[in-house]
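> what would the 3D arrangement of this be:
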Amino acid sequence: MLILGVNVGPVVPRLSARGRPSRTGIAKVPVAGPVAVHRHGLEGDASAYRPRDLGDTAVHAFCLESYARFAALRGAPLPVPCFGENLTIEGYGEDEARIGDVLRAGTALLRVTQPVVRCRWPAVLSGEPRLTRWATREGLTGWFLEVLEPGHVAAGDRLDLLDRGPAGWTVRRLNRLITAKPPDATDAAAALALPGLAERWKAALRRAAAADPLRPV
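As a prediction, the model looks like this:
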């Protein structure tokens, strides 16, 4: 498993998918050389959606294999990064990543905490209006990690899997669970009991179970 890109960016004004003024940190830029990884995210990075003080959504990862799937659907490549990810990864995707997985990224220690509920910004940034719908339908949304040990990470670093989360509870399975209408009650209860599952994802799952609109987390 390899870290292909380390990406950061500030929150800036940008027109939404409906042409309305808004603010987003979706447009990350690849960084050369080591980047400091703090408890609440990467040095120089910001997000308009997730409060970094929670810690369990500090780092956003997305895999090259999912980009390949969307390129096949589109018939053309997508710009990388266009999902707002901090880490673009090869060899470890939504079917491999489990809630609770512990990984060494450079000198930092990270733990997988939740899938991403996709907003419309990747579609805006990429110029592909179907992208958010595809990501949600395919369960290929990327995921968030918390920082267990701060350190530094750089493009070209290995990504080493040190410990596994509960068997079967992959990012893709969680995505399929939350987009079911309604989610299976037994699976939802089991997911809510997963050690390390992010608090905002738990809230989103409870909303989905209550048939409330799914909102980005």
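
> distance of the residue nearest the centre of the chain relative to A198?
Among the residues of the chain, the one closest to the centroid is W143, at 2.7 Å (CA atoms, centre = their mean). Taking CB to CB, to the nearest Å as the measure, W143 falls 10 Å from A198. (Each C-beta comes from the backbone N, C-alpha and C, glycine too.)

> got it, and T57?
6 Å.

> give me the common contacts of those two.
Shared contacts of T57 and A198 (CB atoms under 8 Å, 6 or more residues apart in numbering): T113, Q114, F144, E146, V217.

> for the first one, which non-adjacent residue is closest in space?
The shortest distance from T113 to any residue that is not its chain neighbour, by CB to CB, 6 or more residues apart in numbering, is 4.1 Å, and that residue is A198.

> as TSV, the shared contacts of T57 and A198 with neighbour count, distance to W121 and secondary structure would be great.
Formatted as TSV, the shared contacts of T57 and A198 follow (neighbours: other CB atoms under 10 Å; distance: CB to CB, whole Å; DSSP: H, G, I helix; E, B strand; the rest coil):
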residue	neighbour count	distance to W121	secondary structure
T113	26	21	strand
Q114	28	18	strand
F144	25	16	strand
E146	20	22	strand
V217	22	14	coil
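
> lowest-confidence one in the residues you listed?
Within the shared contacts of T57 and A198, V217 has the lowest pLDDT, namely 37.

> any idea how far Y92 is from the residue nearest to the centre of the chain?
From W143 over to Y92 (counting by CB to CB), the distance is 10 Å.

> and the pLDDT at the residue nearest to the centre of the chain?
On the pLDDT scale, W143 gets 96.

> which residues does it form beta bridges with?
Note on W143: beta-bridge partners by DSSP bridges are A61, P115.

> so it is in contact with A61, correct?
Yes: counting by CB atoms under 8 Å, A61 is a contact partner of W143 at 5.7 Å.

> between these two, what contacts are shared?
A97.

> circling back to that earlier point, redo the shared contacts of T57 and A198 as a markdown table? Include distance to L87.
Below are the shared contacts of T57 and A198 laid out as a markdown table (distance: CB to CB, whole Å):
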| residue | distance to L87 |
| --- | --- |
| T113 | 14 |
| Q114 | 15 |
| F144 | 11 |
| E146 | 13 |
| V217 | 18 |
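
> widest-spaced pair of those residues?
E146 and V217 (14.0 Å; CB to CB).

> could you count how many residues lie near V112?
A count of nearby residues for V112, using other CB atoms under 10 Å, gives 28.

> now it. Nearest residue, chain neighbours left out?
V112's closest residue in space is D101 (CB to CB, 6+ apart), at 4.4 Å.

> what about A185, distance to T136?
21 Å.

> compare neighbour counts for those two and give me the winner.
Per other CB under 10 Å, whichever of A185 and T136 has more neighbours is T136, with 16 against 9.

> buried sites along stretch 125-138?
L125, S126, E128, L131, T132, W134, A135, T136, E138 (16 or more other CB atoms under 10 Å).

> of these, closest to A193?
Among the buried residues of stretch 125-138, and counting by CB to CB, the member closest to A193 is T136, at 24.4 Å.
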